[in-house]
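Novice: just coords:
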């Protein structure tokens, strides 16, 4: 039996108080966030869609600009890097009037943007983390920011003994990309899903536009993101 869930998507840039990033903090190792003047990403507003748990659903035209970029060097520092202060975020409000329990999985692809001209980002240049209200609650109970809490407890929570920095970073990115879904509890008629996103500088390596390396254009790239939500009853 088909169960339809009506999902209002409100795309918001979540400001992290007292954790701003300067123009020189496109890369996190330059200056601490407390010394910065503030530059965050921008995304489109007021996206709305209907999600059917039995079929794939595409959410189109979500647009990321001015993303803060992290590097492999940042990731090699593990939880010493403060990822929460560097992310651009969206929220998805899920209206579940039948109180069904189900999972939502998120995939993302980058489409060319006519508005971006030559400066279109690519999939390899984007990292993102999916998390839920439960994750937020757990982080609050631990007195931590939710993004940093998940990074510490899940993404970087493995033994790096005998691993090179490169292997360590690859494992962390794999963990990040594998954490692509949340469980909707079915206990409330409305729940929220969150997506935190970063630019990934080293993911641009080897890609060019008109013989110009994308790494030299990273600060101008626009990511026209299509989020694909795939769901099923739990």
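Specialist: Happy to help now that I have it. This structure is a prediction, so every number in the text was calculated from the model and none was measured.

Novice: Can you list the low-confidence ranges for this protein?
Specialist: Scanning the chain for pLDDT under 70 picks out the ranges 1-61, 111-118, 231-234.

Novice: Do a quick rundown of the strands in it.
Specialist: 4-10, 42-43, 48-52, 57-65, 69-70, 88-95, 102-111, 126-132, 181-184, 190-200, 208-209, 212-213, 222-233 (DSSP state E).

Novice: Output these in TSV; the columns should cover mean neighbour count.
Specialist: All C-beta atoms are positioned from the backbone trio N, CA, C, and that covers glycine. Putting the strands of the chain into TSV (neighbours: other CB atoms under 10 Å) gives the following:
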stretch	mean neighbour count
strand 4-10	17
strand 42-43	17
strand 48-52	15
strand 57-65	17
strand 69-70	24
strand 88-95	20
strand 102-111	17
strand 126-132	22
strand 181-184	18
strand 190-200	21
strand 208-209	14
strand 212-213	12
strand 222-233	19
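
Novice: Can you add distance to residue 159 and give these back as JSON lines?
Specialist: JSON lines is the format used below for these (distance: least, CB to CB, whole Å):
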{"stretch": "strand 4-10", "distance to residue 159": "38"}
{"stretch": "strand 42-43", "distance to residue 159": "36"}
{"stretch": "strand 48-52", "distance to residue 159": "38"}
{"stretch": "strand 57-65", "distance to residue 159": "34"}
{"stretch": "strand 69-70", "distance to residue 159": "22"}
{"stretch": "strand 88-95", "distance to residue 159": "30"}
{"stretch": "strand 102-111", "distance to residue 159": "28"}
{"stretch": "strand 126-132", "distance to residue 159": "22"}
{"stretch": "strand 181-184", "distance to residue 159": "25"}
{"stretch": "strand 190-200", "distance to residue 159": "24"}
{"stretch": "strand 208-209", "distance to residue 159": "38"}
{"stretch": "strand 212-213", "distance to residue 159": "35"}
{"stretch": "strand 222-233", "distance to residue 159": "32"}
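
Novice: Relative to residue 146, tell me which of these wins on proximity.
Specialist: Of all these, strand 126-132 sits nearest to residue 146, with 6.1 Å by CB to CB.

Novice: okay, now residue 139: neighbour count?
Specialist: Neighbourhood size, residue 139 [other CB atoms under 10 Å]: 20.

Novice: Out of the strands of the chain, the one nearest residue 142 is which?
Specialist: When those are ranked by proximity to residue 142 (CB to CB), strand 126-132 comes first, at 13.8 Å.

Novice: so what strands line up beside that closest one?
Specialist: strand 190-200 (antiparallel) (DSSP bridges).

Novice: Now for the closest residue to residue 71 other than its chain neighbours: which residues touch it?
Specialist: Closest residue in space to residue 71, ignoring its immediate chain neighbours: residue 201 at 4.8 Å, by CB to CB, 6 or more residues apart in numbering. In this structure, residue 201 makes contact with 27, 69, 70, 71, 125, 215, 218, judged by CB atoms under 8 Å, 6 or more residues apart in numbering.

Novice: gap between residue 201 and residue 185?
Specialist: Separation of residue 201 from residue 185 (CB to CB, to the nearest Å): 37 Å.

Novice: Residue 191 now?
Specialist: In terms of CB to CB, residue 191 sits 7 Å off from residue 185.
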